[in-house]
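Asks: Following is a predicted model, sequence given first.
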Amino acid sequence: MNDADLNDADLTLAPDRVDLPEVAPMHDPALAVRVQHAIDHKTKPLGALGQLEALALQLALIQGRDLPQLVQPQMVVFAADHGLTARGISAYPADVTAQMVLNFLAGGAAVSVLARQHGLALTVVDAGVRQDFEPHPQLRRCKVAPGTADASQARAMSLSQVAQAIAVGRDVIASLPGNAVLLGEMGIGNTSASAMLVARLTGLPIETCTGRGTGLDDAALVRKTAVLAEVLARHADAVEPLAALAAFGGLEIAALVGAVLEAAAQRRVIVVDGYIVGAAVLVAQRLRPAVLPRCVFAHRSQEPGHRLLLEHLGVRPLIDLDLRLGEGSGAALAWPLLESACRFLAEMASFESAGVSGPAP
């Protein structure tokens, strides 16, 4: 990446300079009334299935049908490296990104195991890993660059790289079958990029958005936070969503932004994993606000910034298991709840059909 690339556009990085799909708002009051009526008249006390009822209604509204169905779900993991790892912001070396991609493809990673368990087709996307990979049936080689620049020295990505990475995410989703995508990531250093994106786009202090990532001790966490504060100050004028994305990275996060936008435009159900995918959703939501109701937030991670991000977006995750792995593992673990929401809506008897007395007047 050269200096000309890094300075190929001013820091406004307007959305009209990047190819973004339109995402129509979800607005069907008649459908919402019908589905809520069906939920309320199942053989159960009103609201007794709790959050599962809200999930069933959300899935119906996303798909625009009274009985939502989940067809050929796709787990997609985007991977890339981060130049900022040169500043020692991770407990693991940058080489682990490529090693974990190979682990995904060999079937040995947590997300590989969980995808097999739940019948999820797994696709791994190289959006910017430093290492090149041999062809593999589950691998998409879409490398925009061999990792980002060190964001403490220059912008992590150029505008053209942001646009290319978003296009990668869009193209991958467009090429896959099914009506539901579960999104994951792999990139040593990407909790740092996510923390800076969340801090910049929400106005939250970087100290509250920064966590231990892959397991930093107290002293290393202090150093990491200081580095991120330095990077934020260096790119103080990167305030718009795409400008912040270019300044802080990464290529896998930009590809995830494209994946979220494309899936939302196609009315696919989007299952959001943890902090990094959540940061991508935040960027996508700032670009196209109508994406947010199409996202199902799988879990709340141990990263402190993730809780704050979920609160900022006003969303409630399905599970809270103290996860901090990434990869899409939380999305895979939450997947059976989406299946259950569809099944109870389609298969559970109503008071009338079962001949069961409803609540007393």
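Replies: Looks like it came in fine. Residues are numbered from 1 along each chain as shown.
Asks: For residue 321, give me its contacts.
Replies: Neighbour list for residue 321: 299, 330, 333 [criterion: C-beta atoms under 8 Å, 6 or more residues apart in numbering]. Bear in mind the C-beta positions are built from the backbone N, C-alpha and C, glycine included.
Asks: For the spatially most central residue of the chain, which three-state class applies?
Replies: The residue lying closest to the centre of the chain (C-alpha atoms, centre = their mean) is residue 277, at 2.5 Å. What DSSP: H, G, I helix; E, B strand; the rest coil gives for residue 277 is helix.
Asks: Skipping its backbone neighbours, what lies nearest it in space?
Replies: residue 183 (4.9 Å; C-beta to C-beta, 6 or more residues apart in numbering).
Asks: Touching, the one you found and residue 261? I think so.
Replies: No: contact criterion C-beta atoms under 8 Å: residue 183 and residue 261 do not qualify, at 11.8 Å.
Asks: Which strand residues bridge the residue nearest to residue 277?
Replies: residue 76, residue 272 (DSSP bridges).
Asks: For the spatially closest residue to residue 292 that is not a sequence neighbour, grab the count of nearby residues.
Replies: Leaving out its chain neighbours, the residue that sits closest to residue 292 by C-beta to C-beta, 6+ apart is residue 285, at 4.9 Å. Residue 285 has 22 neighbours, counted by other C-beta atoms under 10 Å.
Asks: Would you mind finding the longest helix in the protein?
Replies: In the chain, taking DSSP state H as the definition, the longest helix is helix 329-347.
Asks: Give me the contact list for the helix or strand following it.
Replies: Reading on from helix 329-347 to the C-terminus, the next helix or strand found by DSSP states H and E is helix 351-354. Residues outside helix 351-354 that contact it (C-beta under 8 Å, 6+ apart) are 41-43, 357-358.
Asks: Mind checking which of those residues are buried?
Replies: Buried by 16 or more other C-beta atoms under 10 Å: 41-43, out of the contacts of helix 351-354.
Asks: hmm, back to that, top of the contacts of residue 321 by neighbour count?
Replies: Of the contacts of residue 321, with other C-beta under 10 Å as the count, residue 330 tops at 33 neighbours.
Asks: Tell me who's in contact with the residue nearest to the centre of the chain.
Replies: Residues in contact with residue 277 (C-beta under 8 Å, 6+ apart) are 183-185, 256, 328, 331.
Asks: so how far is residue 198 from residue 191?
Replies: Distance of residue 191 to residue 198, given as C-beta to C-beta, to the nearest Å: 10 Å.
Asks: quick one: which of these two has more around it?
Replies: residue 191 (31 against 28).
Asks: And the strands in the stretch 151-300 of the chain?
Replies: Along the stretch 151-300 of the chain, counting by DSSP state E, counting those that start in this stretch, strands occupy 180-186, 269-272, 295-297.
Asks: Go through those strands and name the closest to residue 65.
Replies: strand 269-272 (11.9 Å; C-beta to C-beta).
Asks: Just the CA coordinates for that closest one, please, in PDB.
Replies: The C-alpha trace of strand 269-272 is given here as PDB (Å, rounded to 0.1, in the frame of the first residue of the first chain):
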ATOM      1  CA  VAL A 269     -32.100 -13.000   8.000                       C
ATOM      2  CA  ILE A 270     -28.800 -11.700   9.300                       C
ATOM      3  CA  VAL A 271     -27.400 -13.400  12.400                       C
ATOM      4  CA  VAL A 272     -24.800 -11.200  14.000                       C
END
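Asks: Average pLDDT for it, rounded please.
Replies: Taken as a whole, strand 269-272 has a mean pLDDT of 98.
Asks: Give me the residues contacting that strand.
Replies: Here strand 269-272 makes contact (C-beta under 8 Å, 6+ apart) with 59, 62-63, 68, 70, 179-183, 260, 263-264, 278, 281, 291, 294-298, 331, 334-335, 338.
Asks: Could you pull out the buried residues of it?
Replies: Here strand 269-272 shows 269-272 as buried, counting by 16+ other C-beta under 10 Å.
Asks: Pick out the most distant pair among the residues you listed.
Replies: Farthest apart among these by C-beta to C-beta are 269 and 272. That separation is 10.5 Å.
Asks: Could I get the full set of helices for the stretch 151-300 of the chain?
Replies: 159-175, 190-202, 206-209, 218-234, 241-248, 251-265, 275-287 (DSSP state H, counting those that start in this stretch).
Asks: what's the most buried one of those?
Replies: Across these, averaging neighbours per residue (mean count of other C-beta atoms under 10 Å) puts helix 251-265 on top, at a mean of 31.
Asks: Could I get the average pLDDT for that helix?
Replies: Here the average pLDDT along helix 251-265 is 98.
Asks: now the angle between helix 275-287 and it, please.
Replies: Orientation of helix 251-265 against helix 275-287 (axes from the mean of the first three to the mean of the last three C-alpha atoms, to 10 degrees) gives an angle of 60 degrees.
Asks: for helix 251-265, packing partners?
Replies: Applying 3 or more C-beta pairs under 8 Å, 6 or more residues apart in numbering; DSSP states H and E, we find helix 251-265 packed against strand 74-80, strand 121-128, helix 159-175, strand 180-186, helix 190-202, helix 241-248, strand 269-272, helix 275-287.
Asks: Repeat the analysis, applying 6 Å as the threshold.
Replies: Packed against helix 251-265 by the contact rule (3 or more C-beta pairs under 6 Å, 6 or more residues apart in numbering; DSSP states H and E) you find strand 74-80, strand 121-128, helix 159-175, strand 180-186, helix 275-287.
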